[in-house]
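Undergrad: 3D model of this:
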Amino acid sequence: MKRSNFLKKLGSLGLFTLGASQVANAATLRETEQLRKELLAAWQRSEKMTLTNVEQMPPELFTFRYTEEAMTFSEQWRHCVVYTCGQLASRAGLKNPYQDVKLPVQMPKEDVIKELKNMYTFVRQSIQELSIEQLCTECNFAGDTIPVWRLFYAMENHIIHHRGQCIVYLRLNGVIPKGYYGW
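TA: As a prediction, the model looks like this:
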(Lines give C-alpha, C1' and ligand atoms only; values in the text may rest on other atoms or scores of the structure.)
Protein backbone atom coordinates (compact mmCIF):
# COMPACT_ATOMS: atom_id res chain seq x y z
CA MET A 1 0.00 0.00 0.00
CA LYS A 2 1.32 3.48 -0.83
CA ARG A 3 2.31 5.58 2.14
CA SER A 4 -0.28 8.24 1.30
CA ASN A 5 -3.08 5.66 1.14
CA PHE A 6 -1.89 4.15 4.40
CA LEU A 7 -1.92 7.56 6.10
CA LYS A 8 -5.38 8.34 4.72
CA LYS A 9 -6.62 5.01 6.06
CA LEU A 10 -5.14 5.77 9.46
CA GLY A 11 -6.63 9.26 9.39
CA SER A 12 -10.08 7.89 8.63
CA LEU A 13 -9.76 5.69 11.69
CA GLY A 14 -8.98 8.69 13.87
CA LEU A 15 -5.52 7.40 14.66
CA PHE A 16 -3.56 10.62 13.98
CA THR A 17 -4.25 11.77 17.53
CA LEU A 18 -2.39 8.75 18.85
CA GLY A 19 1.35 8.36 19.24
CA ALA A 20 3.33 6.08 16.90
CA SER A 21 3.45 3.19 19.38
CA GLN A 22 -0.27 3.55 20.07
CA VAL A 23 -0.98 3.40 16.33
CA ALA A 24 1.15 0.28 16.00
CA ASN A 25 -0.58 -1.28 19.01
CA ALA A 26 -4.03 -0.43 17.61
CA ALA A 27 -3.10 -1.92 14.23
CA THR A 28 -1.72 -5.04 15.90
CA LEU A 29 -4.87 -5.38 17.98
CA ARG A 30 -7.07 -5.11 14.86
CA GLU A 31 -4.91 -7.64 13.01
CA THR A 32 -5.00 -10.00 15.99
CA GLU A 33 -8.75 -9.76 16.27
CA GLN A 34 -9.07 -10.37 12.52
CA LEU A 35 -6.82 -13.43 12.83
CA ARG A 36 -8.90 -14.73 15.76
CA LYS A 37 -12.08 -14.13 13.77
CA GLU A 38 -10.71 -16.07 10.79
CA LEU A 39 -9.46 -18.95 12.92
CA LEU A 40 -12.76 -19.17 14.79
CA ALA A 41 -14.72 -19.17 11.50
CA ALA A 42 -12.52 -21.93 10.08
CA TRP A 43 -12.93 -24.10 13.18
CA GLN A 44 -16.67 -23.43 13.41
CA ARG A 45 -17.07 -24.67 9.83
CA SER A 46 -14.79 -27.62 10.60
CA GLU A 47 -16.94 -28.61 13.57
CA LYS A 48 -20.13 -28.43 11.53
CA MET A 49 -18.67 -30.56 8.73
CA THR A 50 -17.13 -33.07 11.15
CA LEU A 51 -20.32 -33.54 13.16
CA THR A 52 -22.31 -33.89 9.94
CA ASN A 53 -19.94 -36.69 8.92
CA VAL A 54 -20.04 -38.47 12.28
CA GLU A 55 -23.81 -38.19 12.71
CA GLN A 56 -24.38 -39.91 9.36
CA MET A 57 -22.63 -43.15 10.33
CA PRO A 58 -25.03 -45.67 11.88
CA PRO A 59 -24.00 -46.50 15.48
CA GLU A 60 -23.43 -50.19 14.71
CA LEU A 61 -20.80 -49.26 12.09
CA PHE A 62 -18.46 -47.25 14.32
CA THR A 63 -16.16 -50.29 14.47
CA PHE A 64 -16.08 -50.58 10.66
CA ARG A 65 -12.67 -50.65 9.02
CA TYR A 66 -12.05 -51.32 5.33
CA THR A 67 -8.92 -53.43 5.99
CA GLU A 68 -7.48 -55.01 9.13
CA GLU A 69 -4.63 -52.45 9.15
CA ALA A 70 -6.90 -49.40 8.97
CA MET A 71 -8.35 -47.54 11.93
CA THR A 72 -12.05 -48.01 12.57
CA PHE A 73 -14.42 -45.11 12.02
CA SER A 74 -14.41 -44.52 15.78
CA GLU A 75 -10.60 -44.66 15.96
CA GLN A 76 -10.27 -42.08 13.19
CA TRP A 77 -12.13 -39.54 15.32
CA ARG A 78 -10.50 -40.57 18.60
CA HIS A 79 -7.14 -40.01 16.91
CA CYS A 80 -8.22 -36.52 15.77
CA VAL A 81 -9.28 -35.54 19.29
CA VAL A 82 -6.14 -36.80 21.03
CA TYR A 83 -3.72 -35.57 18.35
CA THR A 84 -5.25 -32.11 17.93
CA CYS A 85 -5.40 -31.36 21.65
CA GLY A 86 -1.96 -32.83 22.28
CA GLN A 87 -0.26 -30.89 19.50
CA LEU A 88 -1.89 -27.58 20.37
CA ALA A 89 -1.24 -28.00 24.08
CA SER A 90 2.40 -28.99 23.81
CA ARG A 91 3.36 -26.48 21.12
CA ALA A 92 1.34 -23.50 22.38
CA GLY A 93 2.01 -24.02 26.09
CA LEU A 94 -1.58 -24.96 26.95
CA LYS A 95 -2.94 -27.50 29.41
CA ASN A 96 -3.89 -30.62 27.48
CA PRO A 97 -7.44 -31.63 28.43
CA TYR A 98 -6.52 -35.25 27.61
CA GLN A 99 -3.23 -35.35 29.50
CA ASP A 100 -4.67 -37.54 32.26
CA VAL A 101 -7.52 -39.07 30.24
CA LYS A 102 -7.24 -42.38 28.42
CA LEU A 103 -10.01 -42.61 25.87
CA PRO A 104 -11.02 -46.15 24.91
CA VAL A 105 -9.77 -47.23 21.51
CA GLN A 106 -13.33 -47.98 20.39
CA MET A 107 -16.04 -45.56 21.45
CA PRO A 108 -19.76 -45.60 20.75
CA LYS A 109 -21.24 -42.91 18.56
CA GLU A 110 -22.47 -40.71 21.42
CA ASP A 111 -19.01 -40.71 23.05
CA VAL A 112 -17.27 -39.84 19.79
CA ILE A 113 -19.63 -36.89 19.32
CA LYS A 114 -19.11 -35.78 22.93
CA GLU A 115 -15.29 -35.90 22.64
CA LEU A 116 -15.32 -34.08 19.29
CA LYS A 117 -17.43 -31.31 20.81
CA ASN A 118 -14.97 -31.13 23.73
CA MET A 119 -12.06 -30.87 21.29
CA TYR A 120 -13.70 -28.06 19.32
CA THR A 121 -14.49 -26.23 22.56
CA PHE A 122 -10.83 -26.53 23.60
CA VAL A 123 -9.68 -25.18 20.22
CA ARG A 124 -12.10 -22.21 20.33
CA GLN A 125 -11.11 -21.33 23.90
CA SER A 126 -7.45 -21.55 22.97
CA ILE A 127 -7.89 -19.23 19.99
CA GLN A 128 -9.74 -16.72 22.15
CA GLU A 129 -7.43 -16.86 25.15
CA LEU A 130 -3.94 -16.97 23.62
CA SER A 131 -2.23 -13.57 23.59
CA ILE A 132 -0.86 -12.09 20.38
CA GLU A 133 2.61 -12.96 21.66
CA GLN A 134 1.58 -16.58 22.17
CA LEU A 135 -0.11 -16.77 18.76
CA CYS A 136 3.04 -15.41 17.10
CA THR A 137 5.48 -17.56 19.07
CA GLU A 138 7.43 -19.91 16.83
CA CYS A 139 7.09 -23.66 17.34
CA ASN A 140 8.54 -26.69 15.61
CA PHE A 141 6.11 -28.71 13.56
CA ALA A 142 6.65 -31.32 10.84
CA GLY A 143 10.30 -30.41 10.39
CA ASP A 144 9.59 -26.71 10.08
CA THR A 145 9.32 -23.68 12.34
CA ILE A 146 5.93 -21.97 12.22
CA PRO A 147 4.00 -19.47 14.34
CA VAL A 148 1.43 -21.00 16.69
CA TRP A 149 -1.43 -19.39 14.73
CA ARG A 150 -0.40 -21.50 11.70
CA LEU A 151 -0.47 -24.59 13.90
CA PHE A 152 -4.23 -24.12 14.21
CA TYR A 153 -4.51 -24.35 10.42
CA ALA A 154 -2.20 -27.39 10.36
CA MET A 155 -4.42 -29.15 12.90
CA GLU A 156 -7.55 -28.32 10.93
CA ASN A 157 -5.85 -29.69 7.82
CA HIS A 158 -5.16 -32.91 9.73
CA ILE A 159 -8.85 -33.17 10.60
CA ILE A 160 -9.78 -32.58 6.94
CA HIS A 161 -7.55 -35.53 6.01
CA HIS A 162 -9.34 -37.87 8.42
CA ARG A 163 -12.76 -36.46 7.56
CA GLY A 164 -12.02 -37.37 3.93
CA GLN A 165 -11.15 -40.90 4.97
CA CYS A 166 -14.40 -41.11 6.93
CA ILE A 167 -16.36 -40.01 3.88
CA VAL A 168 -15.02 -43.13 2.17
CA TYR A 169 -16.07 -45.21 5.20
CA LEU A 170 -19.58 -43.81 4.82
CA ARG A 171 -19.70 -44.59 1.10
CA LEU A 172 -18.38 -48.13 1.63
CA ASN A 173 -21.38 -48.65 3.89
CA GLY A 174 -23.94 -47.25 1.46
CA VAL A 175 -24.28 -43.88 3.20
CA ILE A 176 -24.30 -40.92 0.82
CA PRO A 177 -22.38 -38.10 2.53
CA LYS A 178 -24.14 -34.77 2.83
CA GLY A 179 -22.98 -31.28 3.58
CA TYR A 180 -19.74 -31.14 1.60
CA TYR A 181 -20.47 -28.39 -0.87
CA GLY A 182 -18.11 -25.43 -0.76
CA TRP A 183 -16.60 -23.74 2.24
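Undergrad: State the distance from residue 43 to residue 77.
TA: Residue 43 is 16 Å from residue 77, where distance means Cβ to Cβ, to the nearest Å. The C-beta positions use only the backbone N, C-alpha and C, and glycine is treated the same way.
Undergrad: And residue 39, by the same measure?
TA: Residue 39 sits at a distance of 21 Å from residue 77 (criterion: Cβ to Cβ).
Undergrad: Could you pull up the residues touching the residue most central in space within the chain?
TA: By Cα atoms, centre = their mean, the chain has its centre lying nearest to residue 156, at 4.2 Å. Shown in contact with residue 156 (Cβ atoms under 8 Å, 6 or more residues apart in numbering): 42, 43, 46.
Undergrad: So which of these belong to helices?
TA: Using DSSP state H, the subset of the contacts of residue 156 located in helices is 42, 43, 46.
Undergrad: okay, and for this protein, where does confidence drop off?
TA: 1-27, 179-183 (pLDDT under 70).
Undergrad: Tell me which helix or strand residue 31 sits in.
TA: Taking DSSP states H and E as the definition, residue 31 sits inside helix 20-56.
Undergrad: which parts of the helix or strand that comes right after that helix are buried?
TA: Heading C-terminal from helix 20-56, the first helix or strand you meet, by DSSP H and E, is helix 73-92. Judged by neighbour count using 16 or more other Cβ atoms under 10 Å, the buried positions of helix 73-92 are 73-85, 87-89, 91-92.
Undergrad: Packing partners of helix 73-92?
TA: Applying 3 or more Cβ pairs under 8 Å, 6 or more residues apart in numbering; DSSP states H and E, one finds that helix 73-92 contacts helix 20-56, helix 109-129, strand 138-141, helix 148-172.
Undergrad: contact partners of the shortest one?
TA: Around strand 138-141, the neighbours that count as contacts under Cβ under 8 Å, 6+ apart are 87, 91, 92, 145, 146, 147, 148, 151, 154.
Undergrad: again, 10 Å this time
TA: 87-88, 90-93, 144-148, 150-151, 154-155 (Cβ atoms under 10 Å, 6 or more residues apart in numbering).
Undergrad: Can you name the two of these that sit furthest apart?
TA: Pairwise distances across these peak at 18.7 Å for 93 and 144 (criterion: Cβ to Cβ).
Undergrad: and the closest residue in space to residue 99 that isn't next to it in sequence, what does it touch?
TA: Excluding the flanking residues, the one nearest residue 99 by Cβ to Cβ, 6 or more residues apart in numbering is residue 89, at 7.3 Å. Contact analysis of residue 89 by Cβ under 10 Å, 6+ apart lists 95, 96, 97, 98, 99, 122, 126.
Undergrad: List only buried entries from the residues you listed.
TA: Among the contacts of residue 89, the ones that count as buried by 16+ other Cβ under 10 Å are 97, 98, 122, 126.
Undergrad: So the second one, which state does it fall into?
TA: For residue 98, the secondary-structure state derived from DSSP: H, G, I helix; E, B strand; the rest coil is coil.
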